[in-house]
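# Attaching a predicted model along with its sequence, questions to come.
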Amino acid sequence: MDDTPDTRQQMNWDSFAHWGAQIAEWGADYHRTLRDRPVRAPLTPGATRAQLPQTPPEQGEDMAGILADLDAQIMPGLTHWQHPRFFAYFPANAAPPSMLAEFVTAILAPQCMLWQTSPAATELEGVMLDWLRQALGLPEGFTGVIQDSASSATLAAVLVMRERALDWAGNRAGLTGQPRLRIYCSDEVHTSIDRAIWIAGIGADNLVRIPVTGPRRGMDARALHAAITTDRAAGMLPAGVIACTGATGVGACDDLRTVLGVARDEGLYSHVDAAWAGAAMICPENRALWEGIEQADSLVLNPHKWLGVQFDCSTHYLRDPAALVKTLAIEPEYLRTHGAEGFVNYSEWSVPLGRRFRALKLWFVLRFYGLAGLRAMIRDHIGWAQGLCEKLRADARFEVMSEPVLSLFSFRLRGRDEAAQLDFLARVNDDGRIYLTQTRLDGQMVIRFQVGAFSTQAGDMETAFAVLDELAG
Ligand SMILES: *Cc1c(COP(=O)(O)O)cnc(C)c1O
């Protein structure tokens, strides 16, 4: 191999091919041995920083040295999100075909902001969103766009709520002198909703939290209706409703049929955050959780969580994209495409202009596994989570605190205080064989357990129980 850099320190393509193959080997070894590593990184602040030079190199270095330092300095400080016993937060899967697609995307590095800047990327994106729409059982007519994150999709939806309620005056004239906008959600929703409200200039005080009721912890639709009526009477301007299917804490689900019905009857724009749970809707038996979804104006779900398409790939569906485009499209002459019609420019559907080629990894993953393969994976995860939940329920040392919603449930040590729960969780995570996180449920500290990693096998669930059993004493 000719590894001699030319005088401008370019990597020549023989060298690129060599290192590309090395990294593929390195990646396969990493995944072959992942099961034997502790899931969570050791938490010693400053440990990585202490190993890095304080100043940048003046002369270029060779790849061998850079990769050696990757192993020596970076790898020991990583938490392994692809680990088969990662049961914390929600999954962030990177299935192997998705990794390969990202490698291709990294090589081509196209900008996908306008149709003409990458026609095939734009058209593939449209087709992938329609494939996924069909897989999810969403009605024909829903169209979509791939955003970088659910947070961005929710921000875009909140901006639409604002502009639509103000008859598109906000973008032009600002919010000074406008009536107080009001947006409604339950108190279970993700913090990305709070931030969207801040950034849109609506203000946290105008995000109205509707109390939840029932086992699914959904918004009380009557309280929602009452809040809207009260706000109107006080001269405020209701603008939108944000519902959730599978909230982060314990998987709360709003009753979309009633909640979206209230939004529609009140003329409010609606957005549904199904960032995690939406993926499970490729299995028809789970769709009862979002019954009524066809009434949503806007909906986000993250293939980068449970569908194996690595971050970033968040699919944002719209019943009618016109309001979104009217809110976000800006078309100076230098971005105009002359002489062609019948295409979309996806940058008009999102806050950033520049866009990565994210549809490619969705294409690779959907084709490689097929819907049947993805459904089987999700069904395994749900079954395993429910199996573990039953095992803990049958054990007097544990108490199930929230019933499984898909593959997420929560539990705690029975009859022990908050400090004991946190101490138990710390011992479980320091042990390294599994990784769990906590949440607060009706004021109480509970431990979350979710199954969603593509690499998880039945035996990993047995290990999970063994760890909990052993450390609960
Ligand atoms: C993960 C998650 C989000 C945030 O997703 P990003 O893509 O990281 O912005 C929002 N809402 C819910 C319910 C989530 O699970």
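Right, received. Where do you want to start?

# Strands of this structure, start to end?
Under the criterion DSSP state E, the chain contains strands at 143-147, 181-186, 207-210, 212-213, 218-219, 237-244, 269-273, 298-301, 314-318, 398-405, 408-413, 437-441, 444-450.

# In JSON lines: these, plus mean neighbour count and distance to the ligand.
From N, CA and C alone the C-beta is placed, and that goes for glycine too. Below are the strands of the chain laid out as JSON lines (neighbours: other CB atoms under 10 Å; distance: least, CB to the nearest ligand atom, whole Å):
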{"stretch": "strand 143-147", "mean neighbour count": "24", "distance to the ligand": "8"}
{"stretch": "strand 181-186", "mean neighbour count": "26", "distance to the ligand": "11"}
{"stretch": "strand 207-210", "mean neighbour count": "20", "distance to the ligand": "15"}
{"stretch": "strand 212-213", "mean neighbour count": "16", "distance to the ligand": "15"}
{"stretch": "strand 218-219", "mean neighbour count": "28", "distance to the ligand": "14"}
{"stretch": "strand 237-244", "mean neighbour count": "26", "distance to the ligand": "6"}
{"stretch": "strand 269-273", "mean neighbour count": "27", "distance to the ligand": "5"}
{"stretch": "strand 298-301", "mean neighbour count": "28", "distance to the ligand": "8"}
{"stretch": "strand 314-318", "mean neighbour count": "26", "distance to the ligand": "5"}
{"stretch": "strand 398-405", "mean neighbour count": "19", "distance to the ligand": "11"}
{"stretch": "strand 408-413", "mean neighbour count": "24", "distance to the ligand": "10"}
{"stretch": "strand 437-441", "mean neighbour count": "16", "distance to the ligand": "12"}
{"stretch": "strand 444-450", "mean neighbour count": "21", "distance to the ligand": "10"}
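
# Now distance to residue 470 and mean pLDDT too, for those strands, in JSON lines please.
As requested, these are arranged in JSON lines below (distance: least, CB to CB, whole Å; pLDDT from 0 to 100):
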{"stretch": "strand 143-147", "distance to residue 470": "42", "mean pLDDT": "96"}
{"stretch": "strand 181-186", "distance to residue 470": "37", "mean pLDDT": "98"}
{"stretch": "strand 207-210", "distance to residue 470": "40", "mean pLDDT": "98"}
{"stretch": "strand 212-213", "distance to residue 470": "36", "mean pLDDT": "96"}
{"stretch": "strand 218-219", "distance to residue 470": "37", "mean pLDDT": "98"}
{"stretch": "strand 237-244", "distance to residue 470": "35", "mean pLDDT": "98"}
{"stretch": "strand 269-273", "distance to residue 470": "37", "mean pLDDT": "98"}
{"stretch": "strand 298-301", "distance to residue 470": "37", "mean pLDDT": "98"}
{"stretch": "strand 314-318", "distance to residue 470": "38", "mean pLDDT": "98"}
{"stretch": "strand 398-405", "distance to residue 470": "13", "mean pLDDT": "98"}
{"stretch": "strand 408-413", "distance to residue 470": "14", "mean pLDDT": "98"}
{"stretch": "strand 437-441", "distance to residue 470": "19", "mean pLDDT": "97"}
{"stretch": "strand 444-450", "distance to residue 470": "15", "mean pLDDT": "98"}
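
# I am assuming residue 343 contacts residue 120, so please confirm or correct that.
No. Counting by CB atoms under 8 Å, residue 120 is not a contact partner of residue 343; they are 11.6 Å apart.

# Need the phi and psi values for residue 174.
Recorded main-chain torsions at residue 174 are phi 80, psi -180, according to degrees, to the nearest 10.

# residues near it, how many?
Residue 174: 10 surrounding residues under other CB atoms under 10 Å.

# How about residue 36?
Neighbour number of residue 36 under other CB under 10 Å is 9.

# For it, give its distance to residue 84.
Separation of residue 36 from residue 84 (CB to CB, to the nearest Å): 11 Å.
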